[in-house]
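In: Sequence unavailable; structure follows:
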């Protein structure tokens with residue numbers, strides 16, 4: 001854990017709000033003591049609901065490292081990750097995540113992820129958004145092809 005990296009993330013988040021680029025969130029990704037990725041929340045300026053700080057930082061770091069995983073990296077983020085970012089973080093597989101504000105702190109300023117956390121725990125039929133499986137007849141099923149492909153890159 002490095003408080004300087006957290007201070008960098010907090011400065012990025014402060015500038016992001018000050019410059020009206022998006023919400024009060026930023027993240028930096030560190031490998032071997034060096035920042036390899038940075039990201040801020042640009043949801044409203046990019047018109048992209050997935051443009052959260054952690055997602056942006058993961059994309060930047062993966063590009064820098066030329067890898068789809070963040071092995072031996074740490075993420076310093078200004079807030080406890082939301083469910084979407086948490087999923088992306090687990091897929092990226094860093095060694096650690098350090099955060100400054102809690103999800104309760106975020107809720108106090110209008111960023112309440114509790115609804116999403118609650119929805120994830122519900123059975124599909126009880127969620128507020130319709131989610132329904134559809135079966136179609138097809139001879140080109142991607143899951144079947146994936147399962148028999150010998151030279152695939154596992155992740």
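Out: The structure has been received and is ready for your questions. Everything numeric here is computed off the predicted structure, so don't read it as measured data.

In: List the buried residues in the lowest-mean-pLDDT helix or strand in the chain.
Out: Of all helical and strand segments in the chain, the minimum by mean pLDDT, DSSP states H and E falls on helix 142-148, at a mean of 89. Within helix 142-148, no residue is scored as buried using 16 or more other CB atoms under 10 Å. For the C-beta atoms, the positions are set from N, CA and C on the backbone; glycine is no exception.

In: Show me how far that helix is from its chain's centre.
Out: With CA atoms, centre = their mean, to the nearest Å as the basis, helix 142-148 stands 27 Å off its chain's centre.

In: and the top helix by length along the chain, what other elements does it pack with?
Out: Ordering each helix of the chain by length in residues (DSSP state H) puts helix 3-18 first. In this structure, helix 3-18 makes packing contacts with strand 26-31, strand 34-40, strand 73-79, strand 96-101, judged by 3 or more CB pairs under 8 Å, 6 or more residues apart in numbering; DSSP states H and E.

In: TSV please, covering these and showing distance to residue 61.
Out: Compiled in TSV, these are given as follows (distance: least, CB to CB, whole Å):
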stretch	distance to residue 61
strand 26-31	4
strand 34-40	3
strand 73-79	7
strand 96-101	13
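
In: from memory residue 78 sits against residue 102, does it?
Out: No - Residue 78 lies out of contact with residue 102 (CB atoms under 8 Å); the separation is 11.1 Å.

In: Those two: which is more packed in?
Out: residue 78 (27 against 11; other CB atoms under 10 Å).

In: returning to that earlier point: buried deepest among the helices and strands packed on helix 3-18, which one?
Out: Neighbour counts (mean count of other CB atoms under 10 Å) averaged over each of those peak at strand 26-31, with a mean of 27.

In: What angle do strand 34-40 and it make with each other?
Out: On the basis of axes from the mean of the first three to the mean of the last three CA atoms, to 10 degrees, strand 26-31 is oriented at 160 degrees to strand 34-40.

In: closest one to residue 144 among the helices and strands packed on helix 3-18?
Out: Closest of those to residue 144 is strand 73-79, at 34.3 Å (criterion: CB to CB).

In: Next SSE downstream of that closest one?
Out: Toward the C-terminus, strand 73-79 is succeeded by helix 83-92 as the next helix or strand (DSSP states H and E).

In: Spatially central, which residue of this structure would that be?
Out: Centroid check for the chain by CA atoms, centre = their mean gives residue 85 as the closest residue, at 2.5 Å.

In: What's the local residue count around the closest residue in space to that one that isn't next to it in sequence?
Out: Closest residue in space to residue 85, ignoring its immediate chain neighbours: residue 54 at 3.9 Å, by CB to CB, 6 or more residues apart in numbering. Residues lying near residue 54 (other CB under 10 Å) number 28.
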